[in-house]
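could you work out the structure for the sequence below:
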Amino acid sequence: MQGLLAFLKNKPVFYISLAGTVVGVSCFVKDQMQGGQFKKKVSAEGKVCIVTGSNTGIGKETAKELAKRGAHVYMACRNIQKCEEAREEIVLETKNRHVYCRECDLASLQSIRQFVEAFKKEQTKLDVLINNGGVMRCPRTLTKDGFEMQLGVNHMGHFLLTNLLLDILKKSAPSRIVVVASLAHTRGEINVTDLNSEKSYDEGDAYSQSKLANVLFARELAKKLEGTGVTVNSLHPGVVDTEIVRHMGIFNNFFTSLIFRPLLWPFVKTVKSGAQTSIYAALDPDLEKVSGLYFSDCEPKEVALAAQNDDLAKWLWSVSEKWTRIKA
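From the prediction side, this is the model:
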C-alpha cells in the first residue's frame, strides 16, 4: 500500500505510466477495429485490372496489393502528377513494372470516354474493374456536365465508365466489377424530384444518396449481366482515415483536426485494412460466380431496404442512361 502511495505521489512516473497505458489501450482498440482481412495467397498474375481514384488512400493500397500479386494495374486518376508519384512508389515496392497511370476525370464524361477509348487500344481484356474513386461531403459544386459533384463522381461517372467497358469485360469473362459504396447508403434516399440537388443541398444527404446509388447500380447491373460470366458486387470499406474526409468540418480546420484526429485514431481503419474487402471482392476464388451482393469486412452483409427497391433501381438506371448520354 505504501509502495502504491509512493508511486502515485511520484508525478513524473505516474504520468508516464498513465500515458503508456493510454497508448497501449489505444493500440489494442485500433487493432480490434481493423475488421476482416483477406489472407488467401491468391495470385493475380496476368490479370488486367482498373482501379479508379488510385493515387491515394484505399485505391492506392488496392492498386499496390494487386500489383504485388502480379496484376497489370491501370491507375485511372484525375490528377496525373499525383498518379505518377503513386505509381513510382508502387513499382518500387512491388517490383511490378506493369503499373500504368492514365488520366480519367470522373467529373467529366468526355474524359471518361477518352480513357476507355485509349484503354481499348492498349488492351484486349479486362479482368477486374474496381470503381473506387469518390468525393465526400463537399460544398455544392458541379461536374463539367452539370451534375452535383458527389452524385456525378461517385455514381454517374462510374456508371458511364462501367457501361463503356462492359463489352471487354464480357469478352474477358469470368471477370469482375467491384463497386466501393459505403455504410452511408443506409442513410441515403434517392430524391426522385430533385436528384441533382438543385432545389436544396445538404452535403451529408448528397453523399448518402450517391452511396445508395452505388448499391442500387451494382444490384441492377448484376441482374442485367446474369449468364455473362461478369459479376458485380458492392462493398463498405469501413471507416478509414483518408483524404476523402478533407471536406468534413472537424478535419479541414487545423486546430480542430489537431484535437479530433488523435481521439478518433483508435476507431478508424488503416488504408491497408480499408482495402481488404476490395481485394477480397476482386480476387477471392469463392466469389467467381457470386454477384449482386454487398460486403463489409470480407463478409456478405444486408443492404438497406431502400437498396432493395427494384423499381427505384430501374428508375435510377434509366435516368443515368439519359444523363450520361448512353441513350438519348
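
so how far is residue 43 from the residue lying closest to residue 192 once chain neighbours are set aside?
Nearest in space to residue 192, with sequence neighbours left out and distances taken as Cβ to Cβ, 6 or more residues apart in numbering, is residue 315 at 6.7 Å. C-beta coordinates here come from the backbone N, C-alpha and C atoms, glycine included. Relative to residue 43, residue 315 is positioned 41 Å away (Cβ to Cβ, to the nearest Å).

looking at the two, which is more packed in?
Taking other Cβ atoms under 10 Å, residue 315 and residue 43 do not tie; residue 315 has more neighbours (16 against 10).

check which helix or strand covers that one.
In the assignment (DSSP states H and E), residue 315 maps to helix 310-323.

and the contacts of that helix?
Applying Cβ atoms under 8 Å, 6 or more residues apart in numbering, the external contacts of helix 310-323 come out as 145, 147, 155-156, 159, 190, 192, 195, 213, 216-217, 219-220, 306, 326-328.

ok, of these, which come out buried?
Neighbour-count burial (16 or more other Cβ atoms under 10 Å) applied to those gives 145, 147, 155-156, 159, 190, 195, 213, 216-217, 219-220, 306.

redo the residues you listed as TSV? Include pLDDT.
Output for the buried ones among the contacts of helix 310-323, formatted as TSV (pLDDT from 0 to 100):
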residue	pLDDT
145	98
147	98
155	98
156	98
159	98
190	98
195	98
213	98
216	98
217	98
219	98
220	98
306	98
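
adding distance to residue 280 and secondary structure, write these out as a markdown table.
Formatted as a markdown table, the buried ones among the contacts of helix 310-323 follow (distance: Cβ to Cβ, whole Å; DSSP: H, G, I helix; E, B strand; the rest coil):
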| residue | distance to residue 280 | secondary structure |
| --- | --- | --- |
| 145 | 33 | coil |
| 147 | 31 | coil |
| 155 | 23 | helix |
| 156 | 27 | helix |
| 159 | 23 | helix |
| 190 | 28 | coil |
| 195 | 32 | coil |
| 213 | 23 | helix |
| 216 | 22 | helix |
| 217 | 20 | helix |
| 219 | 18 | helix |
| 220 | 22 | helix |
| 306 | 25 | helix |
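
between the residues you listed, which is nearest residue 38?
residue 219 (22.6 Å; Cβ to Cβ).

for the closest residue to that closest one other than its chain neighbours, give me its contacts.
Closest residue in space to residue 219, ignoring its immediate chain neighbours: residue 292 at 5.2 Å, by Cβ to Cβ, 6+ apart. The contact partners of residue 292, taken as Cβ under 8 Å, 6+ apart, are 218-219, 222-223, 232-233.

check residue 217 too.
By Cβ under 8 Å, 6+ apart, residue 217 lies in contact with 155, 158-159, 179, 313, 316-317, 320.

of all pairs in these, which one is the farthest apart?
Between any two of these (Cβ to Cβ), the greatest distance is 15.1 Å, for 158 and 313.

who's more crowded, these two?
More crowded of residue 158 and residue 313, by other Cβ under 10 Å: residue 158, with 29 against 22.

would you agree the more buried one is in contact with residue 50?
No - in this structure, residue 158 is not within contact of residue 50 by Cβ atoms under 8 Å, at 11.0 Å.

what are the phi and psi values for residue 232?
Residue 232 adopts backbone torsions of phi -140, psi 120, taken as degrees, to the nearest 10.

what does the strand or helix carrying residue 165 contact?
Using DSSP H and E, residue 165 maps to helix 158-171. Residues outside helix 158-171 that contact it (Cβ under 8 Å, 6+ apart): 50, 52, 76, 104, 106, 109, 112-113, 115-116, 119-120, 123-126, 129, 131, 133, 175, 177, 179, 214, 217, 221, 225, 228-230, 320, 324, 326.
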